[in-house]
Structure formats: structure tokens, C-alpha cells
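Asker: Here's my sequence, what's the structure:
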Amino acid sequence: MTVDETVDEVGRLRIMAAGVPGARIVERVLPAEPAAVWAVMGDLEGEFGRFQPDMRSLRVLRVTGDRVEALARSTYGLRAHFRGVLRPGWCWLQSRFLIIGMAASPEPGGGTRVALTGGVRVPGRAAIVPVGAAYELARAMTRLAARVEATGGVHGIGEAEEIATE
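Answerer: Here you go, the predicted structure:
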């Protein structure tokens with residue numbers, strides 16, 4: 001199966017989230033190059049825990065091609081065993097109780113469009129409990145923009161935009 005190259009990474013995240021009941025997407029255009037933004041977003045063992053509000057740490061256990069397996073610990077001490085895909089501009093991770101989706105694509109006219117989705121899964125289903133998800137995603141986006149700026153990649157920060165997928 002091949003991916004239609006006319007759909008960028010953020011578009012792909014919108015499609016994935018549309019298939020997950022309760023999913024919300026928060027998007028923002030950051031005035032930074034995609035490589036600078038993804039250097040923060042794709043750093044699962046370093047920067048990821050700094051911008052995801054409820055993640056204290058994430059340790060990558062195994063990488064095979066673009067497949068990744070990782071253990072995460074929340075700020076509340078809870079643990080999650082994630083499996084998923086990580087490649088430039090794209091990350092989709094799932095555990096038994098959590099889904100995390102991140103994407104970054106060049107924005108026409110400059111900058112990088114960033115999209116985040118995720119939350120607590122409904123056990124046994126590909127669905128997200130929507131309570132508090134939009135708030136947490138907006139917090140993560142604000143923290144991500146600050147991390148990209150702190151690493152020298154962003155000059156000025158725009159507002160986040162929530163997109164309901166239901």
C-alpha cells in the first residue's frame with residue numbers, strides 16, 4: 001500500500017483522528033522551519049516529556065525502521081507501554097489506555113503547521129474519552145511552541161486552533 005503524496009503529515013493526522021470517536025486536534029502554525037520543530041517533537045526521550053503536560057518521561061525500548069516501542073511514566077506515576085510509528089513529521093503511539101498523535105508539515109508561505117491529538121482510550125476500542133482532551137492538547141501546544149522557541153527555532157508564537165473531528 002502506498003500513501004498518496006498529496007496528503008501531508010498534518011492531513012494524515014486529521015484522517016487518523018477522524019476515525020477515533022472523541023478525538024480532538026489542536027493545530028498551530030509555528031514560524032520555524034519543519035526540521036527545527038520536529039527536532040523538538042520527535043525527541044521522545046528528551047523534549048517530548050517537556051511539552052506533554054502529563055508525561056514525566058518516555059524511554060524508547062526498541063526501534064525497527066519507523067516502528068517504535070517505548071515506556072512512558074506520567075507525572076502521576078502511571079506507566080504506559082506504547083507501540084507505534086515515528087518518522088520525520090509524524091508520530092502515532094498507542095498503549096492499552098492512551099493514544100498520542102503528532103504531525104508537522106511545511107506551511108505554504110513559511111513556517112510549520114503542527115497538529116496534536118490524543119488522550120485516554122476507551123478500553124477495548126479505538127475511541128478517546130473527550131473530557132479534558134482539548135484543554136490538555138492546547139496546553140501541550142503552548143508548551144511545544146515555548147520549547148521550539150527556547151531551542152532557537154521560533155520567533156513569535158501564534159494561537160492554537162481546536163478542530164473537532166466528530
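Asker: show me where this protein has strands.
Answerer: Listed in chain order, the strands of the chain (DSSP state E) span 24-30, 55-64, 67-74, 79-87, 90-94, 98-106, 112-120, 161-164.
Asker: Quick check: which of those strands is nearest to Glu136?
Answerer: strand 112-120 (7.1 Å; Cβ to Cβ). Placement of C-beta: from N, CA and C, glycine included.
Asker: same for the closest one, what does it pack against?
Answerer: helix 9-18, strand 24-30, helix 34-41, strand 98-106, helix 133-150 (3 or more Cβ pairs under 8 Å, 6 or more residues apart in numbering; DSSP states H and E).
Asker: Give the buried residues for that strand.
Answerer: Neighbour-count burial for strand 112-120, counted by 16 or more other Cβ atoms under 10 Å, picks out 112-120.
Asker: Need the max-distance pair from the residues you listed.
Answerer: Farthest apart among the buried residues of strand 112-120 - using Cβ to Cβ - are Thr112 and Val120, which lie 27.6 Å from each other.
Asker: Can I get the helices and strands packed on strand 112-120 in JSON lines including mean pLDDT?
Answerer: Compiled in JSON lines, these are given as follows (pLDDT from 0 to 100):
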{"stretch": "helix 9-18", "mean pLDDT": "94"}
{"stretch": "strand 24-30", "mean pLDDT": "93"}
{"stretch": "helix 34-41", "mean pLDDT": "94"}
{"stretch": "strand 98-106", "mean pLDDT": "94"}
{"stretch": "helix 133-150", "mean pLDDT": "90"}
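Asker: In JSON lines: those, plus distance to Arg79 and mean neighbour count.
Answerer: Listed next are the helices and strands packed on strand 112-120 as JSON lines, based on distance: least, Cβ to Cβ, whole Å; neighbours: other Cβ atoms under 10 Å:
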{"stretch": "helix 9-18", "distance to Arg79": "24", "mean neighbour count": "19"}
{"stretch": "strand 24-30", "distance to Arg79": "24", "mean neighbour count": "22"}
{"stretch": "helix 34-41", "distance to Arg79": "22", "mean neighbour count": "22"}
{"stretch": "strand 98-106", "distance to Arg79": "10", "mean neighbour count": "23"}
{"stretch": "helix 133-150", "distance to Arg79": "18", "mean neighbour count": "20"}
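Asker: Figure out which of the ones you listed is closest to Leu58.
Answerer: Leu58 lies closest, by Cβ to Cβ, to one member of these: strand 98-106, at 9.6 Å.
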